[in-house]
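Participant: Just a sequence and a predicted model for now, questions to come.
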Amino acid sequence: MGTLIHADIFFFVTTVAVIVVAIAFACVLFYLASVLRQVRDIAREVKEEAKLVRQDVGDARMKIRAEGFRMKHIFDFFSGMGARKRTSKKRS
């Protein structure tokens, strides 16, 4: 009879432990999903900015090919990036 009581206590404690671990695991999954969502948004922004930088570099190459290398082209390239950066902060 004592063995049966020990088995019942063991199964009760095990059940409570499994429930606690399952709740903790669900919380971890919830926060992990939140972090992954933020990483996806950041990756999307980086991708958009990379496209814009690629366009700026392409424009600079076309100007250099058409008019030759001038310091003005480099200045225009970097000033254009700064202007775009300021406008993107106003949107947020």
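Facilitator: All right, it came through fine.
Participant: Quick one: mean pLDDT over the helix or strand harbouring residue 79.
Facilitator: Residue 79 belongs to helix 71-91 when assigned by DSSP states H and E. Mean pLDDT, helix 71-91: 63.
Participant: gap between the longest helix along the chain and the chain center?
Facilitator: When the chain is parsed with DSSP state H, its longest helix is helix 2-67. Relative to its chain's centre, helix 2-67 lies at 9 Å (CA atoms, centre = their mean, to the nearest Å).
Participant: packing partners for that helix?
Facilitator: helix 71-91 (3 or more CB pairs under 8 Å, 6 or more residues apart in numbering; DSSP states H and E). (C-beta placed from N, C-alpha, C; glycine too.)
Participant: The spatially most central residue of the chain and residue 33, how far apart?
Facilitator: Closest to where the C-alpha atoms of the chain average out (CA atoms, centre = their mean) is residue 39, at 1.8 Å. As judged by CB to CB, to the nearest Å, residue 39 and residue 33 stand 11 Å apart.
Participant: How about residue 7?
Facilitator: Counting by CB to CB, the gap from residue 7 to residue 33 is 38 Å.
Participant: cool, and residue 46?
Facilitator: Counting by CB to CB, the gap from residue 46 to residue 33 is 20 Å.
Participant: For the chain, which element, helix or strand, carries the lowest mean pLDDT?
Facilitator: Across the helices and strands of the chain, mean pLDDT, DSSP states H and E gives its lowest value to helix 71-91, namely a mean of 63.
Participant: Poorly predicted segments of the chain, please.
Facilitator: For the chain, the stretches with pLDDT under 70 are 1, 69-73, 80-92.
Participant: try it again with 50
Facilitator: Across the chain, the ranges flagged by pLDDT under 50 are 91-92.
Participant: quick one: residue 56 and residue 78 touch, right?
Facilitator: No. In terms of CB atoms under 8 Å, residue 56 does not count as a neighbour of residue 78; the distance is 9.2 Å.
Participant: who has more neighbours, those two?
Facilitator: Neighbour count, other CB atoms under 10 Å: between residue 56 and residue 78, residue 56 has more, with 16 against 11.
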